[in-house]
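# From the sequence below, what's the structure:
(one chain, ligands or ions: 1)
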Amino acid sequence: MKLQLALDLVDIPQAKQVVKEVEAYIDIVEIGTPVVINEGLRAVKEIKEAFPHLQVLADLKVMDAAGYEVMKASEAGADIVTVLGASEDMTIKGAVEEARRQGKQILVDMIAVKNLEQRAQEVDALGVDYICVHTGYDLQAVGQNSFNDLLTIKRVVKQAKTAIAGGIKLDTLPEVIEAGPDLVIVGGGITAQEDKQAAAAEMRRLIRQ
Ligand SMILES: O=C([C@H](O)CO)[C@H](O)[C@H](O)COP(=O)(O)O
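Next up is the predicted model:
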């Protein structure tokens, strides 16, 4: 099980500082959508250059023109690029084809997908690398989470790896681990803590147990 640190509410220097504090405990650094909006793919490039031993995920949440956008993120140094599960099959296929050409991976974010069970099976058949259930900030604000959704994709997904994101904290991590995803994505559960290193270290310990 891998641990991904999601960086959403930082600029590039702050991102580097946070990664420096927790790099020993994480596998993947996510350059979050708000960071890409504020800083562009330069953020992906600078983090990959500063931490070449970590995988970097560009959370572009691609919805169209995936071939081009995956190519640009790959050129910037991304190892994994996100595409939305709610997008057209053609978009997801384009993303996978371009990722294969570049030697990269595609994570499909199932945020806002209504028929999760059916769509997860369809997306799985398109050859993506990860399928991720995700409760975004707006639904976290009204108390939702993706724990049941994780169980759903664990049941129906046959080829892709499974992932979960959205509001995971130290106290909810054991329940997530119990479900056995391949990848756990944590943003505020690390970045909003006073002692980020301690939070990341404890999460790593729980995941390794
Ligand atoms: O993808 C995310 C969100 O849509 C903002 O871009 C976050 O990276 C993801 O939700 C993980 O962050 P936390 O919810 O703070 O753990």
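
# Only C-alpha atoms from now on, for both contacts and neighbour counts.
OK.

# Tell me, how many residues neighbour Asp59?
Close neighbours of Asp59, defined as other Cα atoms under 10 Å, add up to 26.

# Doesn't it belong to a strand?
Yes. Counting by DSSP: H, G, I helix; E, B strand; the rest coil, Asp59 is located in a strand.

# Surely Leu84 and Met110 touch.
Yes. Counting by Cα atoms under 8 Å, Leu84 does reach Met110; the two are 6.2 Å apart.

# Show the pLDDT at the closest residue to Met1 other than its chain neighbours.
Among residues not flanking Met1 along the chain, Asp182 sits closest, at 4.6 Å (Cα to Cα, 6 or more residues apart in numbering). Taken from the predicted model, the pLDDT recorded for Asp182 is 98.

# what's the answer for Val44, then?
On pLDDT, Val44 comes in at 98.

# give the contact list for it.
Val44 sits next to 31, 56-58, 73, 76-78 when contact means Cα atoms under 8 Å, 6 or more residues apart in numbering.

# Quickly name whichever of the residues you listed is closest to the ligand.
Ile31 (8.0 Å; Cα to the nearest ligand atom).

# which residues does that closest one bridge with?
Leu7, Ala58 (DSSP bridges).

# From Lys72, how far out is it?
14 Å (Cα to Cα, to the nearest Å).

# Quick one, grab the pLDDT at Val35.
Predicted confidence (pLDDT) for Val35: 98.

# Understood, closing this out.
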